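**Q** this one's sequence-less:
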């Protein structure tokens with residue numbers, strides 16, 4: 001792959017950013033993108049340039065698509081929504097909630113988190129409160145005591161909501177396999193580009209096709225930002 005195929009848009013190229021957002025606004029936001037989402041994109045683009053100068057644009061595109069998916073297009077750090085119904089608990093955490101357990105915990109986010117995340121990811125048992133304390137936060141829903149510890153915020157888990165830190169966790173985690181052991185290089189390297197399987201970096205194959213489609217649109221936006229094509 002040539003350097004022209006792998007380089008990303010630099011933060012100083014205001015014209016490039018304008019072209020990037022024109023494409024993103026049209027193809028991912030149906031013509032209207034809120035200021036918060038613009039700021040979120042800018043933060044990820046800037047963070048990528050700091051952390052991965054000259055990196056593969058396909059990897060950046062997949063990072064952006066992941067953040068889009070995890071935040072519902074807001075591109076701002078969010079906290080995990082744990083307000084599940086009985087049926088939601090049974091379908092989302094089938095190994096963790098019997099029908100009786102689900103009926104007891106439904107619509108009780110703290111109880112749900114403490115049971116769902118007990119005794120894994122470095123958490124204690126359900127009574128420890130670790131599940132709720134270390135629930136999903138940020139741009140990529142970092143979850144579990146061990147993951148919070150890895151980023152130095154075990155004693156202050158709310159710091160995962162800080163925008164700059166959230167960007168660092170998103171990029172570092174996806175590049176270095178912090179979440180599932182799978183890395184961006186495993187799916188985007190040289191001539192390889194596996195847009196669907198790349199979801200395994202975060203969470204198995206959940207919504208993999210949908211995220212892959214968005215990532216390809218981000219590649220288009222990044223490409224057009226560099227060439228000046230419309």
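**A** Looks like it arrived, so ask away. The structure displayed is predicted, hence computed values, not measured ones.

**Q** For the protein, which segments are assigned as helices?
**A** Along the chain, counting by DSSP state H, helices occupy 3-6, 14-28, 35-51, 57-70, 86-92, 99-105, 109-116, 130-133, 145-150, 163-176, 208-227.

**Q** Minimum distance to residue 202: which of those has it?
**A** Nearest to residue 202 among the helices of the chain is helix 57-70 (6.1 Å), distances taken as C-beta to C-beta. For the C-beta atoms, the positions are set from N, CA and C on the backbone; glycine is no exception.

**Q** Mind giving me the packing neighbours of the closest one?
**A** Helix 57-70 sits against helix 3-6, helix 35-51, helix 163-176, strand 188-189, helix 208-227, with contacts defined as 3 or more C-beta pairs under 8 Å, 6 or more residues apart in numbering; DSSP states H and E.

**Q** so how far is stretch 26-36 off the chain centroid?
**A** Relative to its parent chain, stretch 26-36 has a centroid offset of 18 Å by C-alpha atoms, centre = their mean, to the nearest Å.

**Q** buried stuff in it?
**A** By neighbour count on 16 or more other C-beta atoms under 10 Å, the buried set for stretch 26-36 is 28, 33.

**Q** Can you lay out the helices and strands packed on helix 57-70 as JSON lines showing distance to residue 111?
**A** Putting those into JSON lines (distance: least, C-beta to C-beta, whole Å) gives the following:
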{"stretch": "helix 3-6", "distance to residue 111": "47"}
{"stretch": "helix 35-51", "distance to residue 111": "31"}
{"stretch": "helix 163-176", "distance to residue 111": "26"}
{"stretch": "strand 188-189", "distance to residue 111": "40"}
{"stretch": "helix 208-227", "distance to residue 111": "30"}
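
**Q** Distance to residue 85 and mean pLDDT for those - can I get that in TSV?
**A** Shown next, in TSV, are the helices and strands packed on helix 57-70 (distance: least, C-beta to C-beta, whole Å; pLDDT from 0 to 100):
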stretch	distance to residue 85	mean pLDDT
helix 3-6	45	37
helix 35-51	29	97
helix 163-176	28	97
strand 188-189	37	97
helix 208-227	23	94
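
**Q** Which one of these lies nearest to residue 197?
**A** Closest to residue 197 of the helices and strands packed on helix 57-70, according to C-beta to C-beta: helix 208-227, at 7.4 Å.

**Q** elements contacting the closest one?
**A** So helix 208-227, by 3+ C-beta pairs under 8 Å, 6+ apart, packs with helix 14-28, helix 57-70.

**Q** Deepest-packed of the helices of the chain, please.
**A** Ranked by mean neighbour count, those are led by helix 57-70 with a mean of 25 (mean count of other C-beta atoms under 10 Å).

**Q** what's the angle from that helix to helix 208-227?
**A** Helix 57-70 and helix 208-227 are oriented at 130 degrees to each other (axes from the mean of the first three to the mean of the last three C-alpha atoms, to 10 degrees).

**Q** what is the orientation angle of helix 57-70 with helix 163-176?
**A** 120 degrees.

**Q** For residue 99, which of the helices and strands packed on helix 57-70 is the nearest?
**A** helix 208-227 (29.1 Å).

**Q** Now find how far off-centre that closest one is within its chain.
**A** 15 Å.

**Q** go on, stretch 177-197?
**A** Per C-alpha atoms, centre = their mean, the centroid offset for stretch 177-197 relative to its chain is 14 Å.
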